[in-house]
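Participant: what follows is a predicted structure for the sequence shown.
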Amino acid sequence: MLLDFEQPIAALEGKLLEMQKLAADSDVEVGEAVAALEKRIKDLKKETYANLTRWQRVQLSRHPERPYTLDYIEGMAEKFVELHGDRTVGDDKAMVGGFGEIDGQTVMFIGQQKGHNTKQRQFRNFGMPNPEGYRKALRLMKLAEKFNVPVVTLIDTPGAFPGLEAEERGQGEAIARNLKEMFMLKVPVICVIIGEGASGGALGIAIGDRVLMLENTWYSVISPESCSSILWRSWDYKEQAAEALKLTATDMKSAGLVDGIVKEPLGGAHTAPEIMIETLKSTLLKTLKELSAISVADRISQRIDKFSAMGVVVE
């Protein structure tokens, strides 16, 4: 799938394929021309992806070929045992979690899961958890705390499910309880936004000692489309809304709302998922080592202080 701003790159890549085919089918010497075109493509890619607008990064974060939570878990963990259910209502398929092992280190993975095709997306409710999803996440966090296992959350959701039945079962309460409980977890907590980080649906599993964002992801109280529909009664102004929301990883880091940015392969995580997964794995291991050296009391205190210092007060 090509995004609109990738069309010029695709056109050059098409020409490159034609030249390579010509060289293979005839004796025409095109070596220099191929090398020059390859360099031109590489330069254009660097220029394009270094100057993406906020809306273009939103588009990249939603690319259907990006790795999702289970892709990262299966790629990083030598062993993974998925755990199910909130012990109250049922098992929310939009929220997954379980014990995994990375380089001998046991970790509790938790995250929203989308789907790679229509059937999977419907099964996973498009990555929008119900209250039982957040209660399952909290149950797994408490289980990790019991066994002194660090928690890693992978965030990728267009928002918590907004249906009437979700509200009836206490969607707001479930998310609010998670926020309260995550502040006080005695184990290290690392939160990583791997795609979309929309509103309370993302925040419900995003209170951690370290909050990281992949390079082409977004984190905001509202999506650009929803913001546009509220302010202008139309989705046509989503690009302007994205600019106003300042929702990219760079924006969040500048505002002090996240702790770090994880570099993606040129073109996005979907262009080289194996490299992206390995990069995130090494980042997690390094961060876990740093957090393990801090005492429980200091870690909780620093976590609370960090979030308490967010925001601007004007008197």
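Facilitator: In hand now; what should we look at? Numbers count the residues shown, from 1 in each chain.

Participant: spell out for me which residue occupies the centre of this structure.
Facilitator: With the centre of the chain defined as its mean C-alpha position, the nearest residue by C-alpha atoms, centre = their mean is I194, 1.5 Å away.

Participant: where does that one land in three-state SS?
Facilitator: Put simply, I194 is strand when judged by DSSP: H, G, I helix; E, B strand; the rest coil.

Participant: so what's it up against?
Facilitator: I194 makes contact with 66-69, 72, 111, 154-156, 214, 217, 269, 280, according to C-beta atoms under 8 Å, 6 or more residues apart in numbering. (Each C-beta comes from the backbone N, C-alpha and C, glycine too.)

Participant: now L60, nearest residue through space, not along the chain?
Facilitator: N216 (4.1 Å; C-beta to C-beta, 6 or more residues apart in numbering).

Participant: please name the nearest non-neighbouring residue to W235.
Facilitator: Setting aside the residues directly before and after it, W235 is nearest to E225 in space (C-beta to C-beta, 6+ apart), at 4.9 Å.

Participant: distance check, I277 against D71.
Facilitator: Computed as C-beta to C-beta, to the nearest Å, the I277 to D71 distance reads 7 Å.

Participant: residues making contact with stretch 288-299?
Facilitator: 105, 107, 150, 186, 188, 190, 209-210, 302.

Participant: one more time with 6 Å, if that's ok
Facilitator: Residues outside stretch 288-299 that contact it (C-beta atoms under 6 Å, 6 or more residues apart in numbering) are 150, 186, 188, 209.

Participant: of those residues - the most surrounded one?
Facilitator: Highest neighbour count within these, by other C-beta atoms under 10 Å: P188, with 26 neighbours.

Participant: for that one, phi and psi?
Facilitator: When read as degrees, to the nearest 10, the backbone of P188 gives phi -60, psi 140.

Participant: what about the helices in the stretch 1-150 of the chain?
Facilitator: Shown for the stretch 1-150 of the chain, the helices assigned by DSSP state H, counting those that start in this stretch span residues 7-25, 31-50, 54-61, 69-76, 118-123, 131-146.

Participant: mind putting the ones you listed in CSV, distance to K289 and mean neighbour count included?
Facilitator: As requested, those are exported to CSV (distance: least, C-beta to C-beta, whole Å; neighbours: other C-beta atoms under 10 Å):
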stretch, distance to K289, mean neighbour count
helix 7-25, 38, 13
helix 31-50, 31, 13
helix 54-61, 28, 22
helix 69-76, 15, 20
helix 118-123, 35, 12
helix 131-146, 18, 23
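
Participant: mean pLDDT for these: which is lowest?
Facilitator: Ranked by mean pLDDT, the helices of the stretch 1-150 of the chain bottom out at helix 7-25, with a mean of 82.

Participant: ok, now how distant is the residue nearest to L60 from T118?
Facilitator: Shown here: N216 relative to T118, a distance of 24 Å by C-beta to C-beta.

Participant: what's the answer for A198, then?
Facilitator: Distance, A198 to T118, by C-beta to C-beta: 21 Å.
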